[in-house]
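Peer 1: Quick one: sequence plus predicted model below, questions after.
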Amino acid sequence: MKPDLKYPLAVLLIALPLLGSTQDQIDLNMELMKAMQSVQEVASLQQCLQTIDQTKLQRFRRKAEHTKAQIETLCANGERLPASDLAATFVRLHAKDQTALQVKKCTELAPGMIPQFSVATFDGSLNGRHICDL
């Protein structure tokens, strides 16, 4: 006697779309988890930055923004060596500054949230690239 394959075949045909939607659900859950992680990273970053003396933090931020603008101007004018020297000077001057060290520690809590230029300028890790090429 041959087994009746109609029932298992019908179940399989009904289940196939569910398998696809299960994968979609898994993908959606992964995206949601990534988004939640990003939110947690931002919250951690904000909380960490709030522990820093805000006056000192604003002073450091102004210096960093001013230096970044100077570097961008030098790079735009083709003055790569002075731009590199300015970046190196900024890093040297702030290497042991407590506010700068606290900012660096905070940025490590949310690595995907901080622009690459800022981090590279801050810690000097250009990975073989020139400051003007960032």
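Peer 2: Received, thanks.

Peer 1: Number of residues surrounding residue 41?
Peer 2: Close neighbours of residue 41, defined as other C-beta atoms under 10 Å, add up to 15. Just so you know, the C-beta spots here come from the backbone N, C-alpha and C atoms, and that holds for glycine as well.

Peer 1: wait, isn't it in contact with residue 106?
Peer 2: No - Residue 41 sits out of contact with residue 106 when judged by C-beta atoms under 8 Å, with a separation of 10.8 Å.

Peer 1: Low-confidence regions, the chain specifically.
Peer 2: The chain contains residues with pLDDT under 70 at 1-29, 32, 112-127.

Peer 1: now the helices for this structure?
Peer 2: Under the criterion DSSP state H, the chain contains helices at 6-50, 54-76, 80-94, 98-107, 116-123.

Peer 1: by contact count, what packs against the second one?
Peer 2: Same thing as helix 54-76. helix 80-94, helix 98-107, helix 116-123 (3 or more C-beta pairs under 8 Å, 6 or more residues apart in numbering; DSSP states H and E).

Peer 1: tell me the angle of it relative to helix 98-107?
Peer 2: 80 degrees (axes from the mean of the first three to the mean of the last three C-alpha atoms, to 10 degrees).
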